[in-house]
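Colleague: below: sequence and its predicted model.
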Amino acid sequence: MKLDMVALKQLVPFINEVCYRTGSELVDLFNRFGSRDVYGRGFPSRKDYTLDKLKQINESKQLELLLNEIVYSRINLEIDIDIYSSLVEPMNEIIRYCGYKFEKNEQGEFIVTGEGLIPDETIEIQASFENIQRDIREQLDQALFTIWVSVAWFTDRVLFEKLKEMAAQGVNVQVIINNDDINRRTGFDFESYFETYRVNGFGAYQDNILHDKFCVIDLKTTINGSFNWTNRAMYNQENINIIHSHTTSETYAKRFIENKEL
C-alpha cells in the first residue's frame, strides 16, 4: 500500500487523537508492525513520531494492516465513538485520492481495499539448531538478486567465500559489520568484493554496538537468530530461523537500510 505525503500527514490525528494514544502506546502500536523502538527520554513529539513511522512502512503490507488495526483497535471499545463517522468515513476521504478505501468484508468488518495491495501470504518458518552454517549456505545458493547481511561479527571463511561466489554471479551482496578488532583481524577484504559498511561505536559514550544477526535474500527470505557468522559460533549452542515471507523480509530490509546510517 502506497500513500502520498499529504495522505500520511492527514492520517496522523486519526492514529494519535481520535482514540488518544500516549507516546508509549504509539511505540507499542508501531512495534507490532515492524518497528523496534523503546519509549524514553528524547522521544519526539507524538505527531512527528507517528508521521516518521508512517513514512517508514509506506509502500508495504504493514501500512495496510496498521490502518485496519486503527479501525478495529480494542481502544475503540473503551470509548464511545461511532467507528464509521469518526474513522472510516473521514479516512476514506483521505486515502481515496491514492486509490484506496475502506469497505466491508464478508464478516462485516471495514478493511482497506484498492489496486496494488500485497495479498495475504503464507509464512513458512524453518528453525535450525544443527548444521546452521550448511543451512545458511543453502539459502545463499538460492539467491538471484540480492543478499544483505547485517551481523556483529563475521569471521567464517566458508560463508565469506560463498558470498564472493554469489557476488561473482552478479548477485548484489551488501554487508554490515562492526568496525572493531575482531572484524579487522579476519584477513577478509570485504570491501574488494561487496558493498561494505563498518559500524563504529555509537550512543552517549560511543560504546553501543551493532548486535543484529540477520540476512535478507531477494526480499523474500530472512535468516535471523542467535548465530553470528563466526568460527566460534560453530561450536556454541545457537539457532536460526529461516523465514520465507515477503512482508518479513521487507521489514528486515528497512532495518538493514537504517543500519547503514549508524
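Modeller: That came through, no problem. Numbers count the residues shown, from 1 in each chain.

Colleague: what is the neighbour count of Leu26?
Modeller: Using other CB atoms under 10 Å, the number of residues around Leu26 comes to 20. C-betas here are computed from N, CA, C, even on glycine.

Colleague: what is the helix or strand hosting it packed up against?
Modeller: Leu26 belongs to helix 23-31 when assigned by DSSP states H and E. Secondary-structure packing of helix 23-31 (3 or more CB pairs under 8 Å, 6 or more residues apart in numbering; DSSP states H and E): helix 5-16, helix 46-57, helix 61-72.

Colleague: now do 6 Å
Modeller: Applying 3 or more CB pairs under 6 Å, 6 or more residues apart in numbering; DSSP states H and E, we find helix 23-31 packed against helix 46-57.

Colleague: helices of the chain, residue ranges please.
Modeller: 5-16, 23-31, 46-57, 61-72, 75-78, 83, 89-95, 132-141, 157-168, 181-184, 190-193, 246-259 (DSSP state H).

Colleague: buried residues in stretch 172-186?
Modeller: Val173, Gln174, Val175, Ile176, Ile177, Asn178, Asp180, Asn183, Thr186 (16 or more other CB atoms under 10 Å).

Colleague: you'd agree the first one is up against Trp148?
Modeller: I take that to be Val173. No - contact criterion CB atoms under 6 Å: Val173 and Trp148 do not qualify, at 7.9 Å.

Colleague: what angle sits between the helix holding Leu26 and helix 46-57?
Modeller: Calculated by axes from the mean of the first three to the mean of the last three CA atoms, to 10 degrees, helix 23-31 forms an angle of 10 degrees with helix 46-57.

Colleague: from the middle of its chain, how far away would helix 23-31 be?
Modeller: 16 Å (CA atoms, centre = their mean, to the nearest Å).

Colleague: now do the buried residues in that helix.
Modeller: Going by 16+ other CB under 10 Å, helix 23-31 has these buried residues: Gly23, Leu26, Val27, Leu29, Phe30.

Colleague: wouldn't the first one be in contact with Phe43 here?
Modeller: In other words, Gly23. Yes - applying CB under 6 Å as the test, Gly23 and Phe43 come out as touching, 5.2 Å apart.

Colleague: would you map the strands across the stretch 101-250 of the chain?
Modeller: If DSSP state E, counting those that start in this stretch is used as the criterion, the strands of the stretch 101-250 of the chain fall at 110-114, 124-128, 146-151, 172-178, 195-199, 213-217, 221-225, 240-244.

Colleague: number of nearby residues for the nearest residue to Lys2 once chain neighbours are set aside?
Modeller: Of all residues not flanking Lys2 in the chain, Glu59 sits nearest, at 4.5 Å (CB to CB, 6 or more residues apart in numbering). For Glu59, the neighbour count with other CB under 10 Å is 14.

Colleague: cool, and Gln206?
Modeller: Count around Gln206 with other CB under 10 Å applied: 9.

Colleague: before we move on, what about the one 5 residues further on?
Modeller: The burial count assigned to His211 is 11, neighbours taken as other CB under 10 Å.

Colleague: can you pull the contacts of it?
Modeller: Ala152 (CB atoms under 6 Å, 6 or more residues apart in numbering).

Colleague: do Leu51 as well
Modeller: Applying CB under 6 Å, 6+ apart, the residues near Leu51 are Val12.

Colleague: contact partners for Gly99?
Modeller: Gly99 touches Gly114, Glu115, counting by CB under 6 Å, 6+ apart.

Colleague: let's go with 10 Å and repeat that
Modeller: Met1, Lys2, Leu3, Thr113, Gly114, Glu115, Gly116, Leu117 (CB atoms under 10 Å, 6 or more residues apart in numbering).
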